[in-house]
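Student: model this:
(one chain, ligands or ions: 1)
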Amino acid sequence: MPEVEASFYEKMEEQRVKCELCPHHCMLKEGQSGLCRVRVNKGGKLFTLNYGQVASLALDPIEKKPLYHFFPGSMILSAGTFGCNFFCPYCQNYSLAQEKPPTRDISPELLTEVARQSVDDGSIGFAFTYNEPTIWYEYVRDAAFMLKEAGLKSVLVTNGYIEKDPLEELLPLVDAMNIDVKAFNDDFYRKHCKGRLEAVKATVERAVGMTHVEITTLLIPGENDEPAEIKALARWLAGLNPQIPLHLSRYHPAFKFSREATPAATLERAREIAREELDFVYMGNLQQEENNTCCRACGELLIKRNIYQVENRGLREGKCKACGSSIAYIIC
Ligand code: SF4
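Tutor: Take a look at the predicted model:
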């Protein structure tokens, strides 16, 4: 597929360009690539190198994104490319994010056709995931537009490090997002991700109310698991909407981090703290029996989950069967 001229950049003097897709605002001379490695200045214009370059494609349970309140129990076709605008040393998908894996050319038209065919296998649409979706922004935007025209859902699993204008152009095309809030302290973002917390918070605040949003925080021992930090994260989310689901995920050693996995007790303690502020808090990457959703009004079991096995036990037409309460933040 030919290289595609990027959106959201400014031409500067002496053939330099300034990328305005994400808050890094890379200033690039002729021939230079951005921090994400997938946007390059050629002849004073910014080009994207990974338009339609699919490095990984699979049919996944929607719970794997994780999205627990968006068509629970359904499947979704999922793809990623290569490159990232963060540099997390514990990245679980570093072979896509920080290396250059083999890819296949898949146009937005072909992707939409494949997504349409996957409906027969229980898929509701397409998830842009595995690596950071905003760094193949133009492709995601074009494909999401076609998916919408075809009546299919589009999902982003993102680090939220994107500027306001590109985000606001994309949001009307996106049906759900899982946004990683990697920590609720800016030191963590600066030290490990080479990003800033405030920019991620701004993305969450813009997305809530425009699309379905769930949040994931990977808890890493000694880095972002202090009770006061969990409390502050949950309180901020509750101020946006206490029904936003928060997924507290277990860290496992990966890439450059070799410290031990997060103890289950740390996750359980964090869940209890977050539950003081939020209605729905789940634990991820833990071989536990249950991660159920219960009615916040009467306690009735609504959705029973065992890893990726999902059963609707108590929801009918968006209401609790037992007490009739509306469960506004579950889309079925
Ligand atoms: S998208 Fe890439 S090139 Fe653009 S500002 Fe971000 S890291 Fe730099």
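
Student: going forward, measure contacts between C-alpha atoms and count neighbours the same way
Tutor: OK.

Student: show me where pLDDT drops low in the chain?
Tutor: 1-2, 288-289 (pLDDT under 70).

Student: flag every residue of the stretch 201-332 of the chain that's near the ligand.
Tutor: Contacts of the stretch 201-332 of the chain with the ligand, taken as C-alpha under 6 Å from any ligand atom, are absent.

Student: give me the phi and psi for residue 219.
Tutor: phi -90, psi 120 (degrees, to the nearest 10).

Student: that one bridge partners, please.
Tutor: residue 250 (DSSP bridges).

Student: so it is in contact with residue 263, correct?
Tutor: No. Using C-alpha atoms under 8 Å, residue 219 makes no contact with residue 263, being 9.7 Å away.

Student: quick check: neighbours shared by these two?
Tutor: Common contacts of residue 219 and residue 263 (C-alpha atoms under 8 Å, 6 or more residues apart in numbering): residue 250.

Student: quick one, which of the two is more surrounded?
Tutor: residue 219 (26 against 14; other C-alpha atoms under 10 Å).

Student: the residue in the stretch 101-250 of the chain that the ligand sits nearest to: what secondary structure?
Tutor: Nearest residue of the stretch 101-250 of the chain to the ligand: residue 135, at 5.5 Å (C-alpha to the nearest ligand atom). Under DSSP: H, G, I helix; E, B strand; the rest coil, the three-state class of residue 135 is helix.

Student: wait, it sits on residue 35?
Tutor: No. Applying C-alpha under 8 Å, one finds residue 135 not in contact with residue 35, separated by 10.5 Å.

Student: shared neighbours of those two, anything?
Tutor: Contacts common to residue 135 and residue 35, judged by C-alpha under 8 Å, 6+ apart, are residue 85.

Student: which one of these two is surrounded by more residues?
Tutor: residue 135 (27 against 18).

Student: ok, for that one, nearest residue in space, not its chain neighbours?
Tutor: Excluding the flanking residues, the one nearest residue 135 by C-alpha to C-alpha, 6 or more residues apart in numbering is residue 84, at 6.5 Å.

Student: and the gap between that neighbour and residue 100?
Tutor: 11 Å (C-alpha to C-alpha, to the nearest Å).

Student: give me the more crowded residue out of those two.
Tutor: The neighbour comparison of residue 84 against residue 100 (other C-alpha under 10 Å) goes to residue 84, with 23 against 14.

Student: please name the residues that touch the more buried one.
Tutor: So residue 84 contacts 36-37, 97-98, 131-132, 135 (C-alpha under 8 Å, 6+ apart).

Student: make TSV from these and add distance to residue 309 and secondary structure to it.
Tutor: Output for the contacts of residue 84, formatted as TSV (distance: C-alpha to C-alpha, whole Å; DSSP: H, G, I helix; E, B strand; the rest coil):
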residue	distance to residue 309	secondary structure
36	36	coil
37	38	coil
97	29	helix
98	32	coil
131	25	coil
132	27	coil
135	32	helix
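
Student: quick check, nearest of those to residue 60?
Tutor: Using C-alpha to C-alpha, residue 131 is the member of the contacts of residue 84 that sits closest to residue 60, with 15.0 Å.

Student: what number of residues lie near that closest one?
Tutor: 28.

Student: likewise residue 222?
Tutor: Neighbour number of residue 222 under other C-alpha under 10 Å is 8.

Student: what of residue 217?
Tutor: By other C-alpha under 10 Å, neighbour count at residue 217 equals 23.

Student: buried sites along the helix or strand harbouring it?
Tutor: Using DSSP states H and E, residue 217 sits in strand 212-219. Buried residues in strand 212-219, counted by 16 or more other C-alpha atoms under 10 Å: 212-219.

Student: strands paired with the host helix or strand of residue 310, and their directions?
Tutor: Under the criterion of DSSP H and E, residue 310 resides in strand 309-312. Here strand 309-312 is paired, per DSSP bridges, with strand 301-306 (antiparallel).
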